[in-house]
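*Asks:* I'll drop the sequence and a predicted model, then ask my questions.
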Amino acid sequence: DYKVTGVQTCALPISQTKDGYLWLGTTVGLVRFDGIEFKLLDLTRAPQVRNGIVTSLANANDGGLWVGLKNNAFGYYDGQSFSFRGKDVYGKVNLNVRTILESKDGTVWLAAESQASRLTRSGSFEDVLGLSNNFAAYDNTCGYEDSKGRLWFGTASTGVYRSEERRVGKECRSRWSPYH
């Protein structure tokens, strides 16, 4: 039997941190499951967070949890508290993050509706696909780091892109068929 405390919503992304907790991103915030009980972390209590709709989750190398938010950029949960990390210089605080991940080197990658970007451990931010490259219609839907450390970005309208050694290139068009 599982005890649910104050959570009646749909779960979107799911992740498990190094400490064994299972995390569920929901339309009302972040939910932690310890094996017995579900507990809701209301993200809207954090300064600057306008809504608690979690669109993506990713484990951080240090054991924390990166959290992508719908039309509200992203944040970080260190096991004790949630901190909002969106900034206007990071693509606006209303960035619609669809995938967030931390690569092996500690870079945080964001695949958002209008751009794909990276935030290095030193704090420098770089748009790799999107507005600064004069492409406003990427509509990034997902991102993934493969076993060779390459980052892949899927888009709704312009195909698949791969980032390797600070270069981004198009891999295929959106209208491809595995049978050709």
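*Replies:* Great, that's in hand.

*Asks:* what about stretch 12-24, distance to the chain center?
*Replies:* Mean-position distance between stretch 12-24 and its chain equals 14 Å (CA atoms, centre = their mean, to the nearest Å).

*Asks:* the residue nearest to the spatial centre of the chain: which element?
*Replies:* Centroid-nearest residue in the chain: residue 100, 2.1 Å away (criterion: CA atoms, centre = their mean). Residue 100 belongs to strand 97-102 when assigned by DSSP states H and E.

*Asks:* kindly report the same for residue 52.
*Replies:* With DSSP H and E as the test, residue 52 turns up in no helix or strand.

*Asks:* ok, then the element right after the lowest-mean-pLDDT helix or strand in the chain?
*Replies:* The least trusted helix or strand in the chain, going by mean pLDDT, DSSP states H and E, turns out to be strand 3-5, with a mean of 50. With elements assigned by DSSP H and E, the helix or strand that comes after strand 3-5 is strand 11-16.

*Asks:* buried residues in that following strand?
*Replies:* Using 16 or more other CB atoms under 10 Å as the test for burial, strand 11-16 gives 12-13, 15. In this view, the C-beta of every residue, glycine as well, is placed from N, C-alpha and C.
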